[in-house]
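Sequence plus predicted model, see below.
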Amino acid sequence: MSTTTTWEAVIGLEIHVQLKTQTKMFCRCRNYFGDRPNTNVCPVCLAFPGALPVPNRRAIEETIKLGLALDCTIAERAVFHRKNYFYPDLPKAYQISQYDEPLCAKGALVVPAADGDVTIRITRAHLEEDAAKNVHVAVSGRLHGATATLVDFNRGGTPLVEIVTEPDIHDAETAKRFLQLLRQTVVELDLSDAELEKGSMRFDVNVSVRPAGSDELRTRTELKNMNSFNFAAKGIEREIARQIQIYEAGGEVQQETLHFVPGDEESPPSRSKEEAQDYRYFPEPDLVPVHPPDELIDRLRGEIGELPGARIRRIADTLSFYDADVLVTGGLDRLWSALVAAGADAKEAANVLANQFVATGISPDAVDAVELAQLVTARSEIPRGTFDEALAKVGDEGFSAAPYLEQKVVADAGALDPVIERIIEANPAQAEQYRSGKEGLIGFFVGQVMKETGGRADPRVVNERVRAKLSA
Amino acid sequence: MIDTLRLTAEEAKRQLEAGEISGAELFAAYLEAIGVRDEELHAYLHVCADPGGDGLPIAVKDVIGTKGVPTTAGSKMLEHYVPVYDATVVERCKAHGLRVLGKTNTDEFAMGSSTENSAFGPSHNPWDPTRVPGGSGGGSAAAVSGGLAPWALGSDTGGSIKQPAALCGNVGLRPTYGTVSRYGVVAFASSLDQVGPVAKNVRDCAYLYSIISGRDANDSTTVDVPVVELPAGDSLKGLRIGVPKEMNEAEGIEPGVSAAVRVAIEHAASLGAEVGECSLPRSVEYGVACYYLVAPAEASSNLARYDGARYGLRSPGDDFREMVMNTRHDGFGDEPKRRIMIGTYALSSGYYDAYYGKAQRVRTIIRREHDAVFEQFDLIVSPTSPTVAFELGAKVHDPIAMYLNDVLTIPSCMAGLPGLNIPCGLSEGLPVGLQLIGPQFSENTLFRAGHALEQALAFDVVPARLR
């Protein structure tokens, strides 16, 4: 390869989202896995002889709803298939999943970007059951280093939606933004917590590179276990660079899976060869095909509000694209709109929400927008400490901005001058040093004034007046 | 003295309700009969103590899960497995006061036509203990004909209720697919498995069917079922009966079997039925081949759960994979292994379309061929089994010969249709079974026709040697 080749990355995503239905996908067990291991189990999800699956209607509806939000075609006839393989976390030795007749197919998610929208096609969104959770433990025994695998079936059989994209993504940033936008969509539709740390949203990334302008698809690698969006972006970037380096050195990329260490971006991923597994898919004979009625689809469509992507584009008309993106994907834009409606400045409100408010960890839903709007508007007129104190309590029941607003900043020279004069008089040595050129001492005087006024003085005005008085 | 060989469920129910006998006496009479004759017949794998109550006793095939009572499916794999829940059909029986007498023998995982594939030894035919009772539900059929149960539950995938009923000389119904819940029944081939009744006569059979059938929230393939009518009349006026040429002239049908079936058809005509010839060429030609792709394919997946991890046999190994391999090596007999291999192959990538996919398409053809026949006929008749009960050991080393025993029962199973076996005579001193097949949900028609023919034929269901 010539060193002048420019390279283009080709990225596809496969995302799993756990639905937060009351019960599991094919039985009536509680869909919850904070409980003691193996307490939310029954003959069905433990695959006892004779047990049969009964599909969770709610999970089917939620998958359709997500499909609609992703602009998918909803199947007139969807079929569950069995995916057969032996693994300790799979008690039936098959996973009930979907194969060639998924509930949702051929959709798209438009990812807004500063320099125009990027459309990522959705290949399919289908419903399946999750596997149980394997816990590998060391056991003390005669064999040195012997290990055992314990299985917690509480997670086994919980509903899982799998979303697969076409390889339409060409850079790590877009991949990250797609994932953020998808997550926000899922959360807003109230389908899932979609928390990466908890594993209720997981994703695999397929990466390959090719000479820019070419439409070939080269050998891809699969990246697994990256449990944050930034981690994913970094991992993808590194993988793209690695592959380019291999091609430029005249080598070939091997098809393999890179398993990252969750939460540890610095550890190099472990590698494994992709084994060609034959899952022997066939239609699940214990279930009948699903025929979603038109009325159901219409009802679900009606339940979908303005989606995050559309809101980013709308808000970007008022704010910068960056601010709009942060507000929407951070789940803050509805509060932002309410603040603006209550009279807060749009830009100011966005800054407060995206920087300070988000750091408090307070739920936007807990906030009285009218009170917070007053606080935002008065931000420059009250001391910083007071503002921070108020913001930390803005989610409290019955929060009122009024007491904080009373603590106005003192910016009036007439009020500050006597204090400044008193401090200069009390510190003649420092005043002399300042006048003979040691200008750094200004900070000493300003600090004294702030201390004297209990932090309420406007530092800008104090600075100005101290200089004036010392030079007088 | 209670004569368990002759006592029908209906008569026993009458006597119980009239206070002529007590529930305890009735249950004890069957336990006593089991004590006397089951050493020879080996119909039961497990016999229960009287749970008390005034309901009728019932025998349950050992693939049907019973809470607290071992359910082995005739396999070493589940030798010590005790379910924590009742199958829906057992729950419904119990809700009607029925008491489980015991669990009856079956070919391993219901795979077989003679019970010789049971890991716990074969059952014997009450008419001649040197012969097989049929299978896979040979235990239930032998129990009913041997006076060891008034009636029983069986399960049928490709003939496992009808064929043993034919070979033992009693009445067995394979219901329309979807009318009886499969929940709690050890799965063999999910798209074919159906639970059904085995009884001494058609009225008992219909009554038991009325108890177990109907939609079940735990089995999404079940549907609402028409109200079951207990048959009473003896006229077949207006009934159009088709005689499929291929199923009555198939190679391998014994002359004695043909003769008995012909007599039954003549009776039907004299009772007022319009009898005519019809044809099911492709169903008969391809039925068995198609069945031996679909059933093993589903079985290979259904039996994959027996890995030693959670219940049943565990043969330890150094890691999960080795444990699974050791367990399945030790736990499964030859027939399940054979079918798991066939089924795994049929589903493999690259072979799916040629085998499983094609078999499903053939299945559609079989269904349509039957649909067309039922536009002209209300039901069709043929021998249930081409032969009378054969000798133990005669076919154990020839799986294909064993498979062909089901050539007449398999096509309607593939089409999801109901079939009723009634005994229609003897050949060489052994019972011959007549199979009545109708369209979906035609159980009431089958009962009506079966009952009228039963009256006309006056077959004595008590094995000659036990009278």
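Structure received.

Apart from its chain neighbours, what residue comes closest to residue 323?
Using chain A here. Of all residues not flanking residue A:323 in the chain, residue A:350 sits nearest, at 4.6 Å (C-beta to C-beta, 6 or more residues apart in numbering or on different chains). Just so you know, the C-beta spots here come from the backbone N, C-alpha and C atoms, and that holds for glycine as well.

not what I meant, chain B
Per C-beta to C-beta, 6+ apart, closest to residue B:323 is residue B:317, 3.8 Å.

what number of residues lie near the one you found?
Around residue B:317 there are 14 other residues, counting by other C-beta atoms under 10 Å in any protein chain shown.

Where do the domain boundaries of the chain fall?
With no chain named, the answer covers chain A. Each domain of chain A is listed here as a residue range: A:7-296, A:332-405, A:413-471, per automatic domain parsing.

think we crossed wires, I meant chain B
B:9-224+B:234-279+B:367-466, B:298-360.

In JSON lines, list those domains along with mean pLDDT and distance to residue A:296.
Formatted as JSON lines, the domains of chain B follow (pLDDT from 0 to 100; distance: least, C-beta to C-beta, whole Å):
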{"stretch": "domain B:9-224+B:234-279+B:367-466", "mean pLDDT": "97", "distance to residue A:296": "18"}
{"stretch": "domain B:298-360", "mean pLDDT": "96", "distance to residue A:296": "28"}
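
most tightly surrounded among those domains?
Mean neighbours per residue, mean count of other C-beta atoms under 10 Å in any protein chain shown, is largest over those for domain B:9-224+B:234-279+B:367-466, with a mean of 23.

Between its first and last residues, how far does it reach?
Start to finish, the residues bounding domain B:9-224+B:234-279+B:367-466 are 19 Å apart (C-alpha to C-alpha, to the nearest Å).

Helices along the stretch 151-300 of chain B, start to end?
Ranges of helices in the stretch 151-300 of chain B, per DSSP state H, counting those that start in this stretch, are B:162-168, B:202-212, B:245-248, B:255-270, B:281-302.

Could you give the separation of the third one from the chain centroid?
The gap between where helix B:245-248 is centred and where its chain is centred comes out at 22 Å by C-alpha atoms, centre = their mean, to the nearest Å.

helices or strands up against it?
helix B:281-302, strand B:379-383 (3 or more C-beta pairs under 8 Å, 6 or more residues apart in numbering or on different chains; DSSP states H and E).

what's that helix in contact with?
B:258, B:261, B:277-281, B:283-285, B:380-383, B:408, B:411 (C-beta atoms under 8 Å, 6 or more residues apart in numbering or on different chains).

Out of the residues you listed, which two sit at the greatest distance?
Across these, no pair lies farther apart than B:261 and B:285, at 20.4 Å, counting by C-beta to C-beta.

circling back to that earlier point, can you lay out the helices of the stretch 151-300 of chain B as a markdown table showing distance to residue A:17?
Below are the helices of the stretch 151-300 of chain B laid out as a markdown table (distance: least, C-beta to C-beta, whole Å):
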| stretch | distance to residue A:17 |
| --- | --- |
| helix B:162-168 | 48 |
| helix B:202-212 | 41 |
| helix B:245-248 | 53 |
| helix B:255-270 | 60 |
| helix B:281-302 | 27 |
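
Residue A:19 is nearest to which of those helices?
Short answer: helix B:281-302, nearest of the helices of the stretch 151-300 of chain B by C-beta to C-beta, at 25.1 Å.

so the residue nearest to residue B:323 touches residue B:329, yeah?
No - counting by C-beta atoms under 8 Å, residue B:317 does not reach residue B:329; the two are 10.1 Å apart.

Against chain A, how distant is residue B:346?
9 Å (C-beta to the nearest C-beta, to the nearest Å).

what does residue B:11 give?
For residue B:11, the distance to chain A - C-beta to the nearest C-beta - is 32 Å.

secondary structure element for that residue?
helix B:9-17 (DSSP states H and E).

How far does that helix sit from its chain's centre?
25 Å.

Show the secondary-structure elements that that helix is packed against.
helix B:23-41, helix B:202-212.

Pull the contacting residues for residue B:193.
B:110, B:155, B:156, B:157, B:182, B:185, B:187.

Ok, residue A:389 next?
residue A:404.

Look up phi and psi at it.
Phi and psi for residue A:389, reported as degrees, to the nearest 10, are phi -60, psi -40.

any idea how far it is from residue A:460?
Look at residue A:389 and residue A:460: by C-beta to C-beta, to the nearest Å, they are 21 Å apart.

CA atoms of stretch A:395-406 as PDB?
Output of stretch A:395-406 as PDB, limited to C-alpha atoms (Å, rounded to 0.1, in the frame of the first residue of the first chain):
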ATOM      1  CA  GLY A 395     -34.400  19.100  43.700                       C
ATOM      2  CA  ASP A 396     -35.600  19.200  47.300                       C
ATOM      3  CA  GLU A 397     -39.300  19.100  48.000                       C
ATOM      4  CA  GLY A 398     -40.700  22.700  48.200                       C
ATOM      5  CA  PHE A 399     -37.400  24.300  47.200                       C
ATOM      6  CA  SER A 400     -37.700  28.100  47.000                       C
ATOM      7  CA  ALA A 401     -35.100  30.400  45.400                       C
ATOM      8  CA  ALA A 402     -36.200  33.400  47.400                       C
ATOM      9  CA  PRO A 403     -33.900  33.200  50.400                       C
ATOM     10  CA  TYR A 404     -30.900  32.800  48.200                       C
ATOM     11  CA  LEU A 405     -31.800  35.700  45.900                       C
ATOM     12  CA  GLU A 406     -31.800  38.000  48.900                       C
END
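
Next up, identify which helix or strand the residue nearest to residue B:323 is on.
Using DSSP H and E, residue B:317 falls outside every helix and strand.

List the contacts of it.
B:323, B:324, B:325, B:326, B:327.

for residue B:310, same thing?
A:46, A:47, A:48, A:91.

Those residues: which two are farthest apart?
A:48 and A:91 (8.7 Å).

The residue of chain B found nearest chain A: what secondary structure?
In chain B, no residue comes nearer to chain A than residue B:304, which is 3.3 Å away by C-beta to the nearest C-beta. Recorded secondary structure, residue B:304: helix (DSSP: H, G, I helix; E, B strand; the rest coil).

Test my guess that it contacts residue A:84.
Yes - if you go by C-beta under 8 Å, residue B:304 and residue A:84 touch, sitting 6.3 Å apart.

Can you get me a residue count around the closest residue to the residue of chain B closest to chain A other than its chain neighbours?
Nearest residue to residue B:304, sequence neighbours excluded (C-beta to C-beta, 6+ apart): residue A:93, at 3.3 Å. Look at residue A:93: counted by other C-beta under 10 Å, it has 21 neighbours.

quick one, phi psi at residue B:425?
phi 150, psi -170.

I figured it hits residue B:263, correct?
Yes - with contact defined as C-beta under 8 Å, residue B:425 counts as touching residue B:263 (6.1 Å).

if I look at these two, which residues touch both of them?
With C-beta under 8 Å, 6+ apart as the test, residue B:425 and residue B:263 both reach residue B:457.

By proximity to chain B, which residue of the stretch 101-250 of chain A wins?
Closest point on the stretch 101-250 of chain A to chain B, by C-beta to the nearest C-beta, is residue A:149, at 6.8 Å.
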